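Peer 1: Need a 3D model of the sequence below.
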Amino acid sequence: MHSADQADTAASPLTYEVVLTDGALRNGYITVDPGWAGFPSAMLGRPDAPSGRTAVFTFPDGYQVTSDLRASGPGSARIRSRVGPAFKRLGLVAGNSLLLVREGEGQYRIEPRTGQQRDTFELGYVRLRARFLARFPGFTGFDDPRLLRESSYKRQLVNHYENIMVPALRDGPEQDVWTALIKLLRVRVGSDNPQPQNVVGWRIVAQLAELPEHDQIQLGAGVMELLHLQGPGDRLDDFNDCLAGLSTPLQSAAQRSLSSLLLTLDDPTRYFFIKTGQMRRALSLLDPTFDFGKGGMVTEEWERIRSLAHRLAKRLEEDGWPPADMIDIQSFLWVAIAYEQGEGAEREDEDEESEDEAVDDEADMIPAHRPTNTILYGPPGTGKTYGVVEKALEILDPPLLATAARHGAGGRALLKQRFDVLLEEGRIRFVTFHQSFAYEDFVEGLKARVGEGGALEYVVEPGVFLELCVEAQHSDLPYVLIIDEINRGNIARIFGELITLIEPSKRQGMDEALSVRLPYSKQVFAVPANLHLIGTMNTADRSLAAMDVALRRRFRFIEMPPQPELLDAVIDDVPLGELLGTINDRIEVLLGRDHLIGHAYLMGVTDLPSLAEAFRLRILPLLQEYFFEDWQRIAWVLNDGVKPEGERFLRQRDLQLGRLFAPDVQLAPDSARWYIHETAFEKAASYRGILAGRAG
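Peer 2: I've put the predicted structure just below:
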C-alpha cells in the first residue's frame, strides 16, 4: 500500500483544498480526508451499500469522472477513477492545488489552482504532526518514553559505532574496516530482546558478508573515504561508485540505506537514516516536488534533505518539541508515516526496494504484500495457534514483530493485543472447518426466513469468505482469513469453483486473474489480491499426504514440529526437554511423526505436581487416543517394562481367568486387565525411568 502523499486542508464546510504531489500526478489520483463534512460517510461506508459509495466529479472543461473513495490509510482516501487525463489536459504540476466544491448530493466541482496557493511545507507538517499525535496522543517532547522505544536502539547503535568502527577507521587496513562494518551491521541493539539493526536489510548484510577478498578491500577503502574526508565534496558519489563496482552491485535503495547509516552514526547532528520508501513519502509531504534519483544517494539530495530537516526541526521547536538531533527528526517522520500506513510500530522493518522504485498506477493498485496462502501443520501442542498470530501480523503489521521481539516474553502480549484489535476491526476473520461445514457457509447459499405477512422466503446470504472478500476489494489494506482445522473439512465441497481463484496468480489484478459467476447470486466474483489465507492443520487428525491435492498445490506448508529444546526446566533431576524427546522418538517408531507430542504440553511445568498433572490429564489421554487404547504399546512409550513395579504408570492385574470362565473357553494368553497406577505420577523416579536405558 502506498501512503497518501498530498497535503490538504479544509477551506470551508463545503470546499476542500488538495495540493498535488509528483506521486499523485504520476499515478492519477486525488487524496482526500474522508472526514471532511462535504463527503457523506456512506462514500466510505460498508460494501453492502454500493449506491452510496460513488459520486460525480466535474472538471472546468466538462470532463467528468465517477468514483468512490478508496481508503489508503487511517484518515485518508483517494479519488482515482480516470483523473490522470484531466491532470494532463490542465497542465498541472506538483505544488498546484485543486479545490473540491460540493454542489449537491453526489456532485462535486473541481477547480484547479495553478499558482502555489498554500505553503505546501506547512500543510505537510500539519498532516505529519496529526498522524504522529494519532500514534502518541498527549506527546509533549522527544523524551517521551513511548518514543524512546523507537529512538533508543538507534542511539545504542551510535555507541557501537564508536566502539567497533572508529578504531578500525583510525588504524586500518581496509579489510579490517570491512570486518568492523559487518560486525556493526550484525550487532544486536535493544534492551529486552536485542536484535540486529535493520536500517540496512538482512539480505544486504548477508550479501556484504559474502564478498570476495578484493571486494572486501574495495568496500573498506570506500567506507574510509566516505567517513574520513572533511566536507561533502564528491564523497557520496565516490561511495556510490564503490558500491556499484562490487562483484554484485547494491541496488539504489540499499546504497542509500548503507551510506545514510554510516554518515548518521558518524555525525547524528547532520544526517539521519534513509529508508527510501518511507522517506520519499514523508519528504514529499513537505515538498511535493521531492523524489529520489535513479542512482544511490548523491550530495545534492542530501543537501535538499538536510534543508527540509532543518526547517522541520525549527517548526517542531516552535510547537514545543525541540529535537536533540537528526535521530529525533527521523523518528518523528518514521512514526508519522508508519501510522499513516496502518503499520503502527516503533521500529522500522526492512526496506528492500526495487532498482529504481518506479511507481506507476498499476503497481499502486497491487498490495504491498503479494497474496499468500499458508498452512501451518504439525502434531498437537506445537504452537500452531501461537504461530497464526505471528503469521497474521507478519502480513498486517510487520514492524510490530521487531518491536515485540525486543520486549522478550512481554512481546507476546503486544502481538496478542494488536491481533485482537485487528480482529475487532474486521481485518482478521476466523473460521473453523468441520465435516458439516459447506459451500453455503463459506461462500454463499440460500437461507430461509420469514418475510412480510409470515410467508416463508429464501434469500441469498454471503458466507464468511465472500464477506471478507468484499471488504478487502474496497480497501488497499491487507486482510487475513484464518481457517482453523482446515484438513477436517471437505475441501471440494467448501471451496467449490473458488479453489482455482484462491491461487495467488489468479487473484484480482494479477496477470492471470480469473473470475466466476456465483451460483446463487449470479454475481461475477474474483478473489482480491489483498486477502491472505492462513490455515492450521493437526497432523494427528489427518496426514499431509491425505490432503486434497488441489489444496496442496495452492498453499505453501510450514511445518510446526515439537521443539523439546524450548523446555529447559529440570524437575527433580528430570530434564523436560530430554523427557519429551525420548517419548517422541518412541512414538515416531511405533506410529510415525504425525502423532508426536508438542512442547506446549509441558511448557507450564515448574514442579513435580504440575508435571504429574500434565502427564495424568493431558499426555496419557493423548497416548490413549493415538494408540486406540493399546495399553501394551503405551507402556512401551513410557518405558514401564524396565521400571520397578511401584514406578510404572500402567500396571496389569491378574484376572484369574480359570475362575471366571469354563475350561472350554479359549482366550488369548495376554488377556490381562490394564489399569492406571495413580501414585506413580507423584514419583520423580517414574519420569526418570522413562529415560532409563537410553543411549547418550
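Peer 1: Which residue ranges of the stretch 201-350 of the chain form helices?
Peer 2: 202-209, 213-228, 235-244, 252-266, 276-286, 299-318, 326-340 (DSSP state H, counting those that start in this stretch).
Peer 1: I'd like the average pLDDT over the fourth one.
Peer 2: Here helix 252-266 scores 88 as its mean pLDDT.
Peer 1: quick check, distance from it to the centre of its chain.
Peer 2: Chain-centre distance of helix 252-266: 25 Å, with Cα atoms, centre = their mean, to the nearest Å.
Peer 1: With the shortest one instead?
Peer 2: The chain centroid and the centroid of helix 202-209 are separated by 22 Å, computed with Cα atoms, centre = their mean.
Peer 1: which other residues reach it?
Peer 2: Contact partners of helix 202-209, identified using Cβ atoms under 8 Å, 6 or more residues apart in numbering, comprise 181-182, 185-186, 196, 219, 248, 250, 254, 257-258, 350, 352. No exception for glycine: its C-beta is placed from N, CA and C like everyone else's.
Peer 1: Run the angle between that helix and helix 235-244 for me.
Peer 2: Helix 202-209 and helix 235-244 meet at an angle of 80 degrees, taking axes from the mean of the first three to the mean of the last three Cα atoms, to 10 degrees as the criterion.
Peer 1: Please point out which parts of helix 202-209 sit buried.
Peer 2: Within helix 202-209, the residues that count as buried by 16 or more other Cβ atoms under 10 Å are 204-205, 207-208.
Peer 1: Tabulate those (CSV), appending distance to D238 and pLDDT.
Peer 2: As requested, the buried residues of helix 202-209 are exported to CSV (distance: Cβ to Cβ, whole Å; pLDDT from 0 to 100):
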residue, distance to D238, pLDDT
I204, 20, 82
V205, 22, 82
Q207, 21, 83
L208, 18, 89
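Peer 1: Max pairwise distance over those residues: which two?
Peer 2: V205 and Q207 (7.2 Å; Cβ to Cβ).
Peer 1: closest one to V65 among the helices of the stretch 201-350 of the chain?
Peer 2: Here helix 276-286 is closest among those (Cβ to Cβ), at 23.7 Å.
Peer 1: what about that closest one, average pLDDT?
Peer 2: Mean predicted lDDT for helix 276-286 stands at 82.
Peer 1: Would you mind pulling up the elements that that helix packs against?
Peer 2: With contacts defined as 3 or more Cβ pairs under 8 Å, 6 or more residues apart in numbering; DSSP states H and E, helix 276-286 has these neighbours: helix 120-135, helix 252-266, helix 299-318, helix 326-340.
Peer 1: Would you format these as TSV with mean neighbour count and distance to P380 included?
Peer 2: Listed next are the helices and strands packed on helix 276-286 as TSV, based on neighbours: other Cβ atoms under 10 Å; distance: least, Cβ to Cβ, whole Å:
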stretch	mean neighbour count	distance to P380
helix 120-135	19	40
helix 252-266	24	43
helix 299-318	16	53
helix 326-340	25	37
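Peer 1: would a markdown table of those with distance to F419 be doable?
Peer 2: What follows is the helices and strands packed on helix 276-286, written out as a markdown table (distance: least, Cβ to Cβ, whole Å):
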| stretch | distance to F419 |
| --- | --- |
| helix 120-135 | 19 |
| helix 252-266 | 30 |
| helix 299-318 | 33 |
| helix 326-340 | 18 |
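Peer 1: right, and those - which one's nearest Y520?
Peer 2: helix 326-340 (39.4 Å).
Peer 1: in the stretch 401-550 of the chain, which spans are strands?
Peer 2: Taking DSSP state E, counting those that start in this stretch, the strands of the stretch 401-550 of the chain run over residues 428-432, 444-450, 456-462, 479-484, 516-517, 524-525, 531-538.
Peer 1: residues near A404, how many?
Peer 2: 25 (other Cβ atoms under 10 Å).
Peer 1: what's across from D484 in the sheet?
Peer 2: With DSSP bridges as the criterion, D484 is bridged to T432.
Peer 1: list the contacts for it?
Peer 2: 385, 430-433, 535-536 are the contacts of D484 under Cβ under 8 Å, 6+ apart.
Peer 1: what about the helix or strand containing T582, average pLDDT?
Peer 2: Using DSSP states H and E, the element containing T582 is helix 576-590. Taken as a whole, helix 576-590 carries a mean pLDDT of 95.
Peer 1: Run through who's touching stretch 638-658.
Peer 2: 583, 586, 615, 620, 623, 631, 634-635, 667, 671-677, 679-681, 683, 685-686, 689-693.
Peer 1: Only the buried residues of it, if you could.
Peer 2: 638-640, 643, 647-651.
Peer 1: In a helix, G95, correct?
Peer 2: No - read with DSSP: H, G, I helix; E, B strand; the rest coil, G95 is coil and lies in no helix.
Peer 1: So what's the residue count around it?
Peer 2: Around G95 there are 18 residues (other Cβ under 10 Å).
Peer 1: what's the answer for F136, then?
Peer 2: Neighbour tally, F136, other Cβ under 10 Å: 17.
Peer 1: Repeat that for A94.
Peer 2: A94 has 20 nearby residues by other Cβ under 10 Å.
Peer 1: so what's it closest to, chain neighbours aside?
Peer 2: P288 (4.2 Å; Cβ to Cβ, 6 or more residues apart in numbering).
Peer 1: was I right about that neighbour contacting L20?
Peer 2: Yes - judged on Cβ atoms under 8 Å, P288 makes contact with L20 at a distance of 6.5 Å.
Peer 1: from memory A309 sits against F332, does it?
Peer 2: No - judged on Cβ under 8 Å, A309 makes no contact with F332 at a distance of 10.0 Å.
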